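>>> pasting the sequence and the predicted model now:
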Amino acid sequence: MSTAPVEGANDIGNSVEFPIERGAIQRFAAAAQSESADHQGERAIAPATFLMSLAQWMQPSDRVDVGFERARLLHGSQEFHYLGTPPRAGDRLIAQERIADRFEKTGRKGGTMRFAVVETEFRHADTDEIVARMRSTLIERAAR
């Protein structure tokens, strides 16, 4: 069941340019312990979960505001859907977040847990082609 928007929350964030940098791909791949040659070189392919590093490029004012209290916030899940050629070093993507869904559930210990599904769409800056969608489920634990 979807819930009404949280007062004061914005459902669509600002568009942000997200450059795909070779060094960032290589560092991310190394941290993920990938030895794939695909993640090396001038036109390295970004690892599947690399789009999470968008957070480094976004200012708080660019993000959607789900209206949750940060002290009670949990990360519930993460999904990546690629819709064509994977991002490579040298690409420039335009990313924008939106709230795709909101719902509530009763927690096992009582109280109401609130959920927000945030979808981020990534488009090629040059062609406007959709490259990928990333979905994050955020959970606000029930108040004590």
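Arrived safely, thanks for sending.
>>> quickly find the element holding residue 120.
strand 112-124 (DSSP states H and E).
>>> any buried residues in that strand, and which?
By neighbour count with 16 or more other CB atoms under 10 Å, strand 112-124 contains the buried residues 113-124. No exception for glycine: its C-beta is placed from N, CA and C like everyone else's.
>>> test my guess that residue 113 contacts residue 139.
Yes. If you go by CB atoms under 8 Å, residue 113 and residue 139 touch, sitting 5.9 Å apart.
>>> and the nearest residue to residue 124 once chain neighbours are set aside, how far is that from residue 76?
Leaving out its chain neighbours, the residue that sits closest to residue 124 by CB to CB, 6 or more residues apart in numbering is residue 131, at 5.9 Å. From residue 131 across to residue 76, the span is 24 Å (CB to CB, to the nearest Å).
>>> still on that earlier bit, report the two of the buried residues of strand 112-124 separated the most.
For the buried residues of strand 112-124, the maximum inter-member distance is 37.1 Å, found between 113 and 124 (CB to CB).
>>> quick one, what contacts residue 38?
With contact set as CB atoms under 8 Å, 6 or more residues apart in numbering, residue 38 has these partners: 44-45.
>>> part of a strand, is it?
No. Read with DSSP: H, G, I helix; E, B strand; the rest coil, residue 38 is helix and lies in no strand.
>>> show me what residue 88 is bridged to.
residue 45 (DSSP bridges).
>>> hmm, it is touching residue 20, no?
Yes. Between residue 88 and residue 20 there is a contact under CB under 8 Å: 6.5 Å.
>>> the more surrounded of these two?
Set residue 88 next to residue 20 and count neighbours by other CB atoms under 10 Å: residue 20 wins out with 23 against 16.
>>> burial measure for residue 80, as a count.
15.
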